[in-house]
Each structure stands twice: as C-alpha cells, then as structure tokens.
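[1] coords please:
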Amino acid sequence: MFEVSKGQKLTASVKPNPATGNIRIAQIINPAGQADGPFGNQMTYALNESGDWKLVLSENMMSGDPWKGEYFLTIEIK
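    Next comes the predicted model:
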C-alpha cells in the first residue's frame with residue numbers, strides 16, 4: 001500500500017528471480033476499492049485520487065505453471 005496525492009504518476013515493474021518466474025502486476029486498487037488491470041511486468045498509471053492505493057502481484061494463470069519464488073518490485077511515484 002502507498003499513499004499518493006491526486007495527479008501523481010506511478011511507474012512500477014516486477015522482476016522474478018529466476019528471470020523465468022511467472023509473476024506480474026495483476027491489479028491496482030484505488031482508494032475507493034475499484035480495481036484496474038491486469039498489467040504485466042511493467043506499468044505506468046495516472047493516480048487520479050488522493051489516498052492509499054494498492055498493487056496486487058500474482059501469477060499469470062494463462063502463461064504457465066504456478067510459481068513461488070523471489071521477486072524484485074520497483075515503484076516510482078512522481
């Protein structure tokens with residue numbers, strides 16, 4: 001969860017370890033509880049509401065077998 005001000009922009013990426021891992025940014029949830037997605041390994045998103053936002057990471061069930069492992073998540077808010 002991360003707190004933002006209206007008008008900011010989110011850039012995020014997720015990288016699995018090993019690189020062949022099956023993980024993606026599945027959804028972003030706004031302060032009102034509405035979800036958008038799926039996105040993939042990278043996303044850029046205009047944050048149109050102030051408050052607490054959430055990112056949901058999950059496997060891509062259409063892209064491979066279930067996966068458990070480490071990942072590196074990068075989030076930048078401007």
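
[2] look up the closest residue to the residue nearest the centre of the chain, ignoring the ones flanking it.
    Most central in the chain under C-alpha atoms, centre = their mean is Ile25, positioned 3.7 Å from the mean C-alpha point. Spatially, and ignoring its direct neighbours in sequence, Ile25 is nearest to Phe39 (4.3 Å; C-beta to C-beta, 6 or more residues apart in numbering). From N, CA and C alone the C-beta is placed, and that goes for glycine too.

[3] and the lengthiest strand in the chain, which strands flank it?
    Using DSSP state E to define each element, the chain has its longest strand at strand 8-17. Looking at strand 8-17 with DSSP bridges, its partner strands are strand 42-47 (antiparallel), strand 70-77 (antiparallel).

[4] buried sites along that strand?
    Neighbour-count burial for strand 8-17, counted by 16 or more other C-beta atoms under 10 Å, picks out 10, 12-14, 16.

[5] same thing with stretch 35-45?
    Buried-residue list, stretch 35-45, by 16+ other C-beta under 10 Å: 37, 39, 43, 45.

[6] what's the answer for stretch 61-78, then?
    By neighbour count on 16+ other C-beta under 10 Å, the buried set for stretch 61-78 is Trp67.

[7] tell me how far the ends of that stretch are from each other?
    Its first and final residues considered, stretch 61-78 spans 32 Å by C-alpha to C-alpha, to the nearest Å.

[8] I'd like the average pLDDT over it.
    In this model, stretch 61-78 carries a mean pLDDT of 86.

[9] got the contact list for it?
    With contacts defined as C-beta atoms under 8 Å, 6 or more residues apart in numbering, stretch 61-78 is touched by 2, 4, 8-18, 21-24, 47, 55, 57, 59.

[10] got it, and stretch 6-25?
    Residues outside stretch 6-25 that contact it (C-beta under 8 Å, 6+ apart): 4, 28, 37-50, 53, 55-60, 63-67, 69-78.

[11] roughly how far does the residue lying farthest from the centre of the chain sit from Glu3?
    Distance from the centre of the chain peaks at Asp65, with 20.0 Å (C-alpha atoms, centre = their mean). The spacing between Asp65 and Glu3, counted by C-beta to C-beta, to the nearest Å, is 36 Å.
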